[in-house]
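> Pasted the sequence and its predicted model underneath.
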Amino acid sequence: MKSMQKGFTLIELMIVVAIIAILAAIAIPQYQTYITKSQFTEATTVATGLEDDINLHWTQNGACPTLGTTDGFAGEDSYAGKYVASAKVEAADAAPAGWTKTCKITVTFKDHSISEPLNAKTVVFNGAESGSNFQWKCSSTDVAAKYKPETCR
C-alpha cells in the first residue's frame with residue numbers, strides 16, 4: 001500500500017524562498033526610489049505655496065519679496081515641512097538662459113529623517129516675469145534625475 005505524502009519537500013520550500021528573495025531584491029530598490037520621489041514632491045508643494053504670494057508682490061511692487069520683512073512675508077523667516085528644512089525667497093543671482101534676473105525660491109531638505117538621496121540637498125525654483133505673471137522653472141544639481149519630476153530635469 002502507498003503512503004500519502006503530507007506537506008512540502010525541502011526542495012519545494014527552497015524554491016519558494018528563492019523566488020521570494022528574487023522578488024524582494026527587485027522590489028526594495030524600486031520602493032526606495034518611490035519613497036524618495038514622494039518626499040521630493042514636498043519641495044514642489046512648499047514652493048508652489050510661495051509662488052502665488054511672490055507673483056502678487058511682484059505685480060504690486062516690481063521686486064522680489066524678502067522673508068521676515070514687512071514687504072510681503074512679514075513674520076516668516078523660512079517655511080518648512082515634514083521633509084523640507086527651509087524655503088527661502090530672494091532675488092536670483094543669475095537667471096536661466098533667455099530670462100532676465102528675477103526671484104528664486106531655494107528649498108533645502110532636512111539632514112535627518114529623510115531618504116538618503118535627498119539628505120540636506122537643495123532645489124531652486126527660478127521665477128521670471130512673463131507679461132503680468134511669473135513663470136517658474138525648477139532645477140537641482142544636488143539631486144539625481146531619477147528622483148526629480150520631469151519639470152525639474
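In hand now; what should we look at?
> Find the residue closest to the spatially most central residue of the chain in space, skipping its chain neighbours.
The centroid of the chain falls nearest to Phe40 when counting by C-alpha atoms, centre = their mean (2.0 Å). Of all residues not flanking Phe40 in the chain, Tyr147 sits nearest, at 5.6 Å (C-beta to C-beta, 6 or more residues apart in numbering). All C-beta atoms are positioned from the backbone trio N, CA, C, and that covers glycine.
> can you map out the helices along this structure?
10-61 (DSSP state H).
> so where is the protein shaky, pLDDT-wise?
Counting by pLDDT under 70, the chain contains low-confidence ranges at 1, 67-78, 93-101, 130-133.
> hmm, try it at 90
Low-confidence segments of the chain (pLDDT under 90): 1-8, 46-81, 86-106, 112-113, 126-142, 149-153.
> Just the C-alphas of stretch 137-153, formatted as PDB.
What follows is stretch 137-153 as a C-alpha-only set of coordinates in PDB (Å, rounded to 0.1, in the frame of the first residue of the first chain):
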ATOM      1  CA  LYS A 137      11.500  76.600 -13.500                       C
ATOM      2  CA  CYS A 138      12.800  74.000 -11.100                       C
ATOM      3  CA  SER A 139      16.400  72.900 -11.100                       C
ATOM      4  CA  SER A 140      18.600  70.900  -8.800                       C
ATOM      5  CA  THR A 141      22.200  69.800  -9.400                       C
ATOM      6  CA  ASP A 142      22.300  68.100  -6.000                       C
ATOM      7  CA  VAL A 143      19.500  65.500  -6.600                       C
ATOM      8  CA  ALA A 144      19.800  62.700  -9.200                       C
ATOM      9  CA  ALA A 145      17.500  63.000 -12.200                       C
ATOM     10  CA  LYS A 146      15.700  59.700 -11.400                       C
ATOM     11  CA  TYR A 147      14.200  61.200  -8.200                       C
ATOM     12  CA  LYS A 148      13.000  64.500  -9.800                       C
ATOM     13  CA  PRO A 149       9.800  65.100 -11.600                       C
ATOM     14  CA  GLU A 150      10.000  65.900 -15.400                       C
ATOM     15  CA  THR A 151       9.600  69.600 -14.700                       C
ATOM     16  CA  CYS A 152      12.800  69.700 -12.700                       C
ATOM     17  CA  ARG A 153      15.200  67.800 -15.000                       C
END
